[in-house]
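Chemist: One predicted model, sequence on top.
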Amino acid sequence: MSPTGASSVESIAENQRELPFYQPVDNECELFEHAYRQRLPLLLKGPTGCGKTRFVSHMAAKLGKSLFTVSCHDDLTAADLTGRYLLQGGETRWVDGPLTRAVREGGICYLDEVVEARKDVTVVLHPLTDDRRLLPLERTGELLEAPDDFMLVISYNPGYQHILKSLKPSTRQRFVAKTFGFPPPTVEREVVARESGLAPERCSALVNLAARLRDMKGQDLEEGVSTRLLVYCATLIAAGMPILQAAQATLVEPLSDDEDVQEGLLEAIKATF
Ligand code: ADP
């Protein structure tokens, strides 16, 4: 029971009354609800910035459940999720991590980019993701049984995977899974307009441009431009920034450091506006 340092986990606990805006693309809302009611864990796959996190916040609010979100990184350990003893005012006290809180209190625990986390995380997830739904806390000697309203959701981006960082079949086959992509143009236009306040007609041009820029993925670009970046671009334009400057700052610079690639992106943008 030795005291440990402060937790390195950054988690967000949300208890939203208002429903965050989410425009469905396919059957993902129904799938989420079924998985939740049947007490099944859910895996979301897809590129960054395509709406996975927003979707989970929307569903948590819709179901009236607390949401514990953890952005996983390569130093994140099982103890960051389960909890640890901390020295507080001269005493050591056990402090639950976000996963333990979701299991104890009921709620949805969302582990974003889970493949980034240390390998010991999967050891904790396995007993929680089969029909036992158990969370053993070795340090406190507790064995917590997840209540009916606990749900585990994880996400990862298959585009970034390399051999050392992918989900093992023994882990992924414990989840109901859904692939997310960038929304189709009509949906993306509505999302960008609603999030940025830019008129929908003006958002159409941005969405068409995004399709062209996404076609350049693979040649020199690791990832296509995300819906998030389109929202940023539209937000800057709505605030009065000249279109080309806004596009340079949101659709060129964040995508690549390579000058030739940047030039190619800029040409495609200039051809549109
Ligand atoms: P991810 O978790 O996939 O990296 P996010 O959920 O953070 O991406 O999405 C980034 C942004 O894109 C959101 O903040 C939101 O503005 C927008 N977005 C993308 N898809 C949708 C959608 N279907 N409905 C509403 N907003 C969306």
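Modeler: Looks like it arrived, so ask away.
Chemist: all helices of the chain, in order?
Modeler: Secondary structure of the chain by DSSP state H: the helices cover 28-37, 52-63, 78-82, 98-105, 120-128, 169-172, 185-196, 200-215, 227-238, 243-247, 259-272.
Chemist: Report the inter-axis angle for the first one versus helix 52-63.
Modeler: I take that to be helix 28-37. 60 degrees (axes from the mean of the first three to the mean of the last three C-alpha atoms, to 10 degrees).
Chemist: so for helix 28-37, what's the average pLDDT?
Modeler: Helix 28-37 comes out with an average pLDDT of 98.
Chemist: in stretch 104-122, what counts as buried?
Modeler: 104, 107-118, 121-122 (16 or more other C-beta atoms under 10 Å). Using the backbone N, CA and C atoms, a C-beta is placed for each residue, glycine as well.
Chemist: follow-up on the earlier one: need the helices of the chain in JSON lines with distance to the ligand, can you?
Modeler: Listed next are these as JSON lines, based on distance: least, C-beta to the nearest ligand atom, whole Å:
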{"stretch": "helix 28-37", "distance to the ligand": "9"}
{"stretch": "helix 52-63", "distance to the ligand": "3"}
{"stretch": "helix 78-82", "distance to the ligand": "19"}
{"stretch": "helix 98-105", "distance to the ligand": "17"}
{"stretch": "helix 120-128", "distance to the ligand": "19"}
{"stretch": "helix 169-172", "distance to the ligand": "18"}
{"stretch": "helix 185-196", "distance to the ligand": "4"}
{"stretch": "helix 200-215", "distance to the ligand": "12"}
{"stretch": "helix 227-238", "distance to the ligand": "4"}
{"stretch": "helix 243-247", "distance to the ligand": "16"}
{"stretch": "helix 259-272", "distance to the ligand": "20"}
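Chemist: Ok, which of these comes nearest residue 154?
Modeler: helix 120-128 (7.8 Å; C-beta to C-beta).
Chemist: so what does the closest one touch, helix or strand wise?
Modeler: Here helix 120-128 touches helix 78-82, helix 98-105, strand 134-137, strand 150-156, helix 169-172, going by 3 or more C-beta pairs under 8 Å, 6 or more residues apart in numbering; DSSP states H and E.
Chemist: and if we set it to 6 Å?
Modeler: Where contact means 3 or more C-beta pairs under 6 Å, 6 or more residues apart in numbering; DSSP states H and E, helix 120-128 is packed against helix 78-82.
Chemist: Distance from the chain centre to the helix it packs on, please.
Modeler: A distance of 18 Å separates the centroid of the chain from that of helix 78-82, by C-alpha atoms, centre = their mean, to the nearest Å.
Chemist: do stretch 190-197 as well
Modeler: From the chain centre to the centre of stretch 190-197 is a distance of 20 Å (C-alpha atoms, centre = their mean).
Chemist: same question, stretch 251-264
Modeler: With C-alpha atoms, centre = their mean as the basis, the mean position of stretch 251-264 lies at 25 Å from the chain mean.
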